[in-house]
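J.: Here is a sequence together with a model predicted from it:
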Amino acid sequence: MAGRTARADQVSATREAILDAAERLFAEQGVYAVSNRQVSEAAGQGNNAAVGYHFGTKADLVRAVAARHFERIEQIRLRLLAEAGDSDDIRDRVDCLVRPITEHLASLGSPTWYARFCAQVMTDPALYDIMVEESLASPSLRQAVDALNRRLPELPAEVRAERGLMARTLILHTCAERERALAEGTATPRATWSDAATGLTDALLGLWLAPVSATRRR
């Protein structure tokens, strides 16, 4: 029994070391610029096949890195949704999209790599679907988006979809750029992740509430 427990602990520690190394390397260099061998070496594994043994394909490894963050983000979003209650304030609804990410990043300390990891994955056509699938599987995210949509002014369907894509891109890359600046020790526009969330929400309110041009409406 003790031997099995020790073995299980060792396997768990190895998996976590691989995930840590993969997240950092993918964030800094891009997913396909990094080999499984490099991940294994960075994780302190003498066996170059360790990544494949523990996770399978590169896509499986990416999914595993993302998954270990999603549960905490889900918990934060559920709390924010409960706090917002039945509020019709659009700011409260946008906060439920922005602050789960920024609050999670703040909780990780510094430096972090998660936002840059996501940015790298989302710009890779072969891996994009992984992040989208994980997002669509989130009950709290669907609830937050639905609550926002019910309170927005009426928009043409194509404009609503277009602005949703813009909003996701803005959140993702703004967080990634702030994370990069913090890691490099350079100045950031906002002092804290909470302040950064406020700035993002301000910008997204302008995006969602912007008028639709007459030519677009026709």
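T.: Good, I have the coordinates.
J.: Can you list the low-confidence ranges for the chain?
T.: Across the chain, the ranges flagged by pLDDT under 70 are 1-4, 6-7, 9, 216-218.
J.: Identify the structural domains in it and state their residue ranges.
T.: According to automatic domain parsing, the chain comprises the domains 1-56, 58-211.
J.: and the longest one, how far apart are its ends?
T.: Between the opening and closing residues of domain 58-211 we find a distance of 43 Å, counting by Cα to Cα, to the nearest Å.
J.: For Thr188, give its distance to Ala203.
T.: Separation of Thr188 from Ala203 (Cβ to Cβ, to the nearest Å): 15 Å. Placement of C-beta: from N, CA and C, glycine included.
J.: got it, and Ser135?
T.: 20 Å.
J.: Now do the buried residues in stretch 151-170.
T.: 155, 163-164, 167 (16 or more other Cβ atoms under 10 Å).
J.: burial measure for Ala181, as a count.
T.: By other Cβ atoms under 10 Å, 13 other residues sit near Ala181.
J.: any idea what it is structurally, helix, strand or coil?
T.: Three-state call for Ala181 (DSSP: H, G, I helix; E, B strand; the rest coil): helix.
J.: Once you drop chain neighbours, what's closest to Tyr114?
T.: His69 (5.6 Å; Cβ to Cβ, 6 or more residues apart in numbering).
J.: so the one you found touches Ala115, yeah?
T.: No - the pair His69 / Ala115 is not scored as a contact, 10.0 Å apart, by Cβ atoms under 8 Å.
J.: And these two? Which one has more around it.
T.: Neighbour totals were compared for His69 and Ala115, and Ala115 leads with 26 against 19 (other Cβ under 10 Å).
J.: show me the contacts for that one.
T.: 27, 101, 105, 172, 175-176, 178-179 (Cβ atoms under 8 Å, 6 or more residues apart in numbering).
J.: Likewise for Leu80?
T.: Applying Cβ under 8 Å, 6+ apart, the residues contacting Leu80 are 95-96, 99-100, 144.
J.: Same question for Ile130.
T.: Taking Cβ under 8 Å, 6+ apart as the test, what Ile130 contacts is 59, 62-63, 66, 121.
J.: Export these to JSON lines and append columns for secondary structure.
T.: Formatted as JSON lines, the contacts of Ile130 follow (three-state DSSP):
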{"residue": "Ala59", "secondary structure": "helix"}
{"residue": "Val62", "secondary structure": "helix"}
{"residue": "Arg63", "secondary structure": "helix"}
{"residue": "Ala66", "secondary structure": "helix"}
{"residue": "Val121", "secondary structure": "helix"}
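J.: Do a quick rundown of the strands in this structure.
T.: Per DSSP state E, the chain has no strands. Nothing in it meets that criterion.
J.: Is Gly30 in contact with Gln120, as I believe?
T.: Yes - using Cβ under 8 Å, Gly30 is in contact with Gln120, at 5.3 Å.
J.: Which one of these two is surrounded by more residues?
T.: A side-by-side neighbour count of Gly30 and Gln120, using other Cβ under 10 Å, places Gln120 first with 22 against 14.
J.: quick one: the more buried one from Glu179, how far?
T.: For Gln120 relative to Glu179 (Cβ to Cβ), the value is 12 Å.
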